[in-house]
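Participant: Pasting the sequence and the predicted model now:
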Amino acid sequence: MRPWARLHRWIFRRGRDEQSPIVLTQRRIFIVPTAAGALFALVLAVMLIGAVNYDLSLGHALVFLLVGLALVGMVHTFYNLFGLRLTPGRSEPAFAGDLARFPLEVENPRRQPRRRLDFSFDQQSIVTLDLPVEGRATITLPFLTHKRGRLDPGRITLCTRYPLGLFHAWSYLYPPWSCVVYPKPLHTPLPAPSAGGHADYRQGDSGQEDFAGLRPRQISDPTRHIAWKTAARRSDEQELLVKQFAGGATDELWLDWTQTPANRDGEERLSILTGWIMAADQQQATYGLRLPGRHIAPARGATHRARCLQALALYGEGEAAHDD
């Protein structure tokens, strides 16, 4: 980070905003002239010197009129932010390399519209909002993720140059946001049941199975589930299909850290496990997860998938060791 950027962050440092909603008071709003505003002031100074030099009454009047216009614009730029109420929403998990999205509700309690409100994380995409009189809206701020773990997106910069563009008013917000970033999925075939004895499918022993349809065969599917009659009617180039059953016996698959290639680094191995979880969930399989120091019992569904992915995201950060 450049020295000027470090100095800027130190001058305008502020702790996390724990109270909700966040209300913008005069102590939270900063305002300075823009480059256009500085040029405007320079032109007015030259005009004033000319009016004084040539004793032009109309020149003085024009200069004072423009100065008054600039001052009114400065007040309106300040009040474009003053009194806004901002309420952070709940963020959803994301995969590393994707955009995490943070919802923010913005409320205008005053009887004047708010125009050209620009929201952004530091050096991230800008989201622009207009608010009507006593209106409210919810925006979503994107944040590009780079690595797994628990993400703190940092502060938001809310700024405006409305109405004349001569002044730049801004405020810093630091909502109590946090987002879990899953490892980036690396899609590889699911482990075979005999892969070193670590992939453990367990056939149920009760209930009656009902045929539920066909799906493309995965390398881990038992050959007894292949729809051979259907395969005989299809061309050789088409992939094999397997039968899906419901209402009884189920297969349980253990996805184990030790099944991943030992010559890969830790992050790649977590990415492989993430890809397996997504594939198993897509197949509606019953699966469990084994990590060094943590086990998650076999289950299925969106809640179980999120639990397993969160375990991968926070692996090595001191979470509870076992989930049996």
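Facilitator: Perfect, thanks for sending it.
Participant: wait, what's in contact with the residue nearest the centre of the chain?
Facilitator: Nearest residue to the geometric centre of the chain (C-alpha atoms, centre = their mean): residue 100, 1.1 Å. Shown in contact with residue 100 (C-beta atoms under 8 Å, 6 or more residues apart in numbering): 91-94, 142-145, 151, 153, 179, 181. No exception for glycine: its C-beta is placed from N, CA and C like everyone else's.
Participant: So, low pLDDT: which residues of the stretch 151-300 of the chain?
Facilitator: Applying pLDDT under 70 to the stretch 151-300 of the chain flags residues 192-213, 217-225, 231-232, 234-238, 244-251.
Participant: Go again with 50.
Facilitator: Within the stretch 151-300 of the chain, the stretches with pLDDT under 50 are 193-208, 248-249.
Participant: Now do the strands in it.
Facilitator: With strands called from DSSP state E, counting those that start in this stretch, the stretch 151-300 of the chain shows them at 156-160, 167-173, 179-182, 210-216, 241-246, 252-256, 286-291, 294-299.
Participant: Serialize the ones you listed to TSV and add fields for mean neighbour count.
Facilitator: Listed next are those as TSV, based on neighbours: other C-beta atoms under 10 Å:
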stretch	mean neighbour count
strand 156-160	22
strand 167-173	20
strand 179-182	22
strand 210-216	12
strand 241-246	17
strand 252-256	22
strand 286-291	22
strand 294-299	17
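Participant: Which parts of the stretch 201-324 of the chain are helices?
Facilitator: Taking DSSP state H, counting those that start in this stretch as the criterion, the stretch 201-324 of the chain contains helices spanning 228-233, 266-282, 302-313.
Participant: quick revisit: now do the residue nearest to the centre of the chain against residue 317, distance only.
Facilitator: Separation of residue 100 from residue 317 (C-beta to C-beta, to the nearest Å): 17 Å.
Participant: ditto for residue 122
Facilitator: Residue 122 is 24 Å from residue 317, by C-beta to C-beta.
Participant: Give me the more crowded residue out of the two.
Facilitator: residue 122 (13 against 9; other C-beta atoms under 10 Å).
Participant: how many neighbours does the nearest residue in space to that one that is not next to it in sequence have?
Facilitator: Once flanking residues are discounted, residue 122 sits nearest to residue 154: 6.1 Å by C-beta to C-beta, 6 or more residues apart in numbering. Other residues near residue 154 number 13, with proximity taken as other C-beta under 10 Å.
Participant: from what I can see residue 154 touches residue 124, true?
Facilitator: No - Residue 154 is not in contact with residue 124 according to C-beta atoms under 8 Å; the separation is 9.4 Å.
Participant: wait, doesn't residue 275 sit right on residue 188?
Facilitator: Yes - with contact defined as C-beta under 8 Å, residue 275 counts as touching residue 188 (5.9 Å).
Participant: Counting neighbours, go ahead and name the busier of the two.
Facilitator: Taking other C-beta under 10 Å, residue 275 and residue 188 do not tie; residue 275 has more neighbours (19 against 15).
Participant: got a list of what that one touches?
Facilitator: Counting by C-beta under 8 Å, 6+ apart, residue 275 has contacts 185-188.
Participant: ok now do the closest residue to residue 37 other than its chain neighbours, which residues does it touch?
Facilitator: Once flanking residues are discounted, residue 37 sits nearest to residue 166: 3.6 Å by C-beta to C-beta, 6+ apart. By C-beta under 8 Å, 6+ apart, the contact set of residue 166 is 33-34, 36-37, 40, 70, 73-74, 77.
Participant: same thing but 10 Å
Facilitator: 33-41, 69-71, 73-74, 77 (C-beta atoms under 10 Å, 6 or more residues apart in numbering).
Participant: wait, which of the contacts of residue 275 is closest to residue 160?
Facilitator: When the contacts of residue 275 are compared for distance to residue 160 (C-beta to C-beta), residue 185 wins out at 39.7 Å.
Participant: Might one say that the closest one is in contact with residue 281?
Facilitator: No - Residue 185 lies out of contact with residue 281 (C-beta atoms under 10 Å); the separation is 11.1 Å.
Participant: what's the overlap in contacts for these two?
Facilitator: Counting by C-beta under 10 Å, 6+ apart, the residues touching both residue 185 and residue 281 are residue 309.
Participant: Next, give phi and psi for residue 48.
Facilitator: phi -70, psi -40 (degrees, to the nearest 10).
Participant: That one: neighbour count?
Facilitator: 17.
Participant: and the residue nearest to it when sequence neighbours are not counted, what is it in contact with?
Facilitator: Of all residues not flanking residue 48 in the chain, residue 63 sits nearest, at 4.8 Å (C-beta to C-beta, 6+ apart). For residue 63, the contacting residues are 43-52, 56, by C-beta under 10 Å, 6+ apart.
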